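Asker: after the sequence you'll find the predicted model.
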Amino acid sequence: MRVVFMGTPDFAAASLKKLIEEKYEVVGAFTQPDKPRGRGMSLQSPPVKLLAQEHGIPVYQPEKLRDGAALEILKELAPDVIVVVAYGRILPDDILALPRLGCVNVHASLLPKYRGSAPIQWAVLNGDGRTGVTTMYMASELDAGDIIFTAETDIGEYETSGELFGRLMDMGADLLDKTLRAIEAGTAPRTPQDHSAATFTKQLDKSMCPIDWARTPREVVRQIYGLQPWPVATADIDGTLCRIYAAQYTQNTTQKPAGSIVSAGNRGIEVACAGGRTLLITELQAPGKKRMAAADYLRGHPVKL
C-alpha cells in the first residue's frame, strides 16, 4: 500500500515514525514550508520534514494546495491512501478524491466533539474527564468525515495539556497503524458522525492568560493546566505579574474578596476564589526569573497579606 503522509509538528511526526517502523511504503511527505523562529529568526524545518529526510522519504512543501501543482505531484506519487495528521492545511476536493482508498485523518478528540484547532487544550480547559483520538475518512467539511476508529483515555485532574498531548500523540500513532491495516484488509468500519452533536474549538491566544479569581477553584485549575505549555496562565502576585504553572485545591474558606492573597509560606501562595474557597499556587515564574516553587519565590519576594 503506497502512502503519502501530510503533517507538520511533533504530533504528526510520531505517526510518521510509526509508519516507518511498521514498514509502510511511504512514498512522499508533505509538510508546511520552513519558517523563521527564535531570536535570530533563522529558518527552521518542521519535525515531519526532518524525520522524512532522515529516512530518505521525498519531502514536498507547497505554499498552496489549490493551484494544481500539488495535485500533479500526487498523481505522480500515485498513493493508495493519503494520511493527514496535523498538517495545518485544508485539502481541496480534487486531492481528497485522488487516492483509491481515500484520505485518512488522525484527530486528537472524540469526534464529533472538538472539531477544529487545539482540541487537546480545550478538553483540559473545559474540565473533561475523558478524551481520545479519532481516525476518520476525510470529507470536504472540517473534521466531519466518517469515523473509522477511536481510542479513549482519562484526563488527570492535574494533567497539563502538554502532558496529555504526549499521550495522545502516541495513541494516535498506534490508532493510525490499526486503521491502515484495517483499510488494507478491507475491514475498516465507517460510521457517520452525528453532526448535530458537533462542537467546535478556536485557537488559543494570550488574552486567555489572566486568571479570573472570581471563578471556582476547579475552573482556575483547569485554566492553569490547560494553558500549558502555551500561552500559560498569569496572575498578579503582590504587584508582580507571574506565570502560574501549578496549583492545588485547599479545604480552606475565607471572607476575603476573590483575588486576595490569604496566606503565603512554605506550602505556597493561597488565593481567594469564588464562594470564599481558596486555591494554593505551588509553582510560578516571575519576569526574568526561572520557573520555581512558590515557596522559593517567597523567600526573596515576601508578599503583603
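Answerer: Sure, I can see it.
Asker: okay, CA-based contacts and neighbour counts for the rest of this
Answerer: OK.
Asker: can you pull out the low-pLDDT segments for this structure?
Answerer: Low-confidence regions of the chain, defined by pLDDT under 70, are absent; no residue qualifies.
Asker: please compute how far the longest strand along it lies from its chain's middle.
Answerer: Secondary structure of the chain per DSSP state E: the longest strand is strand 240-253. In this view, strand 240-253 has its centroid 24 Å away from the chain centroid, taken as C-alpha atoms, centre = their mean, to the nearest Å.
Asker: list the buried ones in stretch 73-89?
Answerer: By neighbour count with 16 or more other C-alpha atoms under 10 Å, stretch 73-89 contains the buried residues 74, 78-87.
Asker: need the contact partners of the longest strand of the chain.
Answerer: Counting by C-alpha atoms under 8 Å, 6 or more residues apart in numbering, the neighbours of strand 240-253 from elsewhere in the structure are 217-218, 221, 224-225, 228, 232-236, 272, 276-287.
Asker: for ChimeraX, what selects the buried ones among those residues?
Answerer: Filtering these down to the buried ones (16+ other C-alpha under 10 Å) takes a single ChimeraX command:
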select :217,221,224,225,228,232,233,234,235,272,276,277,278,279,280,281,282,283,284,285,286
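Asker: the contacts of strand 240-253 in helices, which ones?
Answerer: Among the contacts of strand 240-253, the members falling in helices (DSSP state H) are 217-218, 221, 224-225.
Asker: which among these gets closest to residue 119?
Answerer: Using C-alpha to C-alpha, residue 225 comes nearest to residue 119 of the ones in helices among the contacts of strand 240-253, at 14.2 Å.
Asker: give the contact list for that closest one.
Answerer: Residues in contact with residue 225, defined by C-alpha under 8 Å, 6+ apart, are 124-125, 158-161, 245-246.
Asker: recalculate using a threshold of 7 Å.
Answerer: Taking C-alpha atoms under 7 Å, 6 or more residues apart in numbering as the contact definition, residue 225 lies against 158-161.
Asker: try residue 127
Answerer: Each residue near residue 127 by C-alpha under 7 Å, 6+ apart is listed here: residue 222.
Asker: Throw the contacts of residue 225 into CSV and include neighbour count, secondary structure and distance to residue 33, thanks.
Answerer: Written out in CSV, the entries for the contacts of residue 225 read as follows (neighbours: other C-alpha atoms under 10 Å; DSSP: H, G, I helix; E, B strand; the rest coil; distance: C-alpha to C-alpha, whole Å):
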residue, neighbour count, secondary structure, distance to residue 33
158, 16, coil, 35
159, 15, coil, 32
160, 25, coil, 29
161, 26, helix, 26
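Asker: pick out whichever of those sits closest to residue 15.
Answerer: Using C-alpha to C-alpha, residue 161 is the member of the contacts of residue 225 that sits closest to residue 15, with 18.9 Å.
Asker: wait, doesn't that closest one sit right on residue 226?
Answerer: Yes: with contact taken as C-alpha atoms under 7 Å, residue 161 and residue 226 are classed as touching, separated by 5.1 Å.
Asker: and residue 17, how far is that from residue 87?
Answerer: Distance, residue 17 to residue 87, using C-alpha to C-alpha, to the nearest Å: 15 Å.
Asker: for residue 254, which non-adjacent residue is closest in space?
Answerer: For residue 254, the nearest residue in space outside its immediate sequence neighbours is residue 276; the separation is 4.9 Å by C-alpha to C-alpha, 6 or more residues apart in numbering.
Asker: so that neighbour touches residue 255, yeah?
Answerer: Yes: counting by C-alpha under 7 Å, residue 276 touches residue 255, with 5.9 Å between them.
Asker: quick one on the thing from earlier: put the alpha carbons of the following helix or strand past the longest strand of the chain into CSV.
Answerer: Proceeding N to C from strand 240-253, the next assigned helix or strand is strand 261-265, under DSSP states H and E. What follows is the C-alpha trace of strand 261-265 in CSV, where atoms were taken according to Å, rounded to 0.1, in the frame of the first residue of the first chain:
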residue,chain,number,x,y,z
ILE,A,261,-3.8,36.6,49.0
VAL,A,262,-5.0,34.7,52.0
SER,A,263,-1.7,33.2,53.2
ALA,A,264,1.9,32.8,51.9
GLY,A,265,4.5,30.4,53.2
